[in-house]
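Peer 1: sequence and predicted structure below; questions after.
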Amino acid sequence: MEKEDLLLGNAKSIITKVTLEVIKKKVNVSKEKFDAEFWKNIYYIAKKYRTM
């Protein structure tokens, strides 16, 4: 359970503190499909969170 809490904390920190431009750059530079999908999801959530 601690590992899951740490992951959620990291994701929450990225979503609330990192600019959308930086997240978008991570999507573009991710070479592996899994990484690109991960950053696309983070970008979508961050964008949605900030427009609430």
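Peer 2: Received, thanks. Numbering: from 1, shown residues only.
Peer 1: what does stretch 3-22 contact?
Peer 2: 23, 42, 43, 45, 46, 47, 49, 50 (C-beta atoms under 8 Å, 6 or more residues apart in numbering). Where you see a C-beta, it was placed from the backbone N, CA and C, and this is true even at glycine.
Peer 1: so which pair among the residues you listed is furthest apart in space?
Peer 2: 42 and 50 (12.3 Å; C-beta to C-beta).
Peer 1: who's more crowded, those two?
Peer 2: residue 42 (18 against 11; other C-beta atoms under 10 Å).
Peer 1: double-check the more buried one against residue 23; I have them as touching.
Peer 2: Yes: using C-beta atoms under 8 Å, residue 42 is in contact with residue 23, at 5.8 Å.
Peer 1: packing partners for whichever helix in the chain runs longest?
Peer 2: For the chain, the helix that runs over the most residues, judged by DSSP state H, is helix 33-50. On a contact count with 3 or more C-beta pairs under 8 Å, 6 or more residues apart in numbering; DSSP states H and E, helix 33-50 meets helix 2-17, helix 20-29.
Peer 1: where does this protein have low pLDDT?
Peer 2: Applying pLDDT under 70 to the chain flags residues 1.
Peer 1: which residue lies nearest the spatial centre of it?
Peer 2: In the chain, the centroid-proximal residue (C-alpha atoms, centre = their mean) is residue 42; its distance is 2.8 Å.
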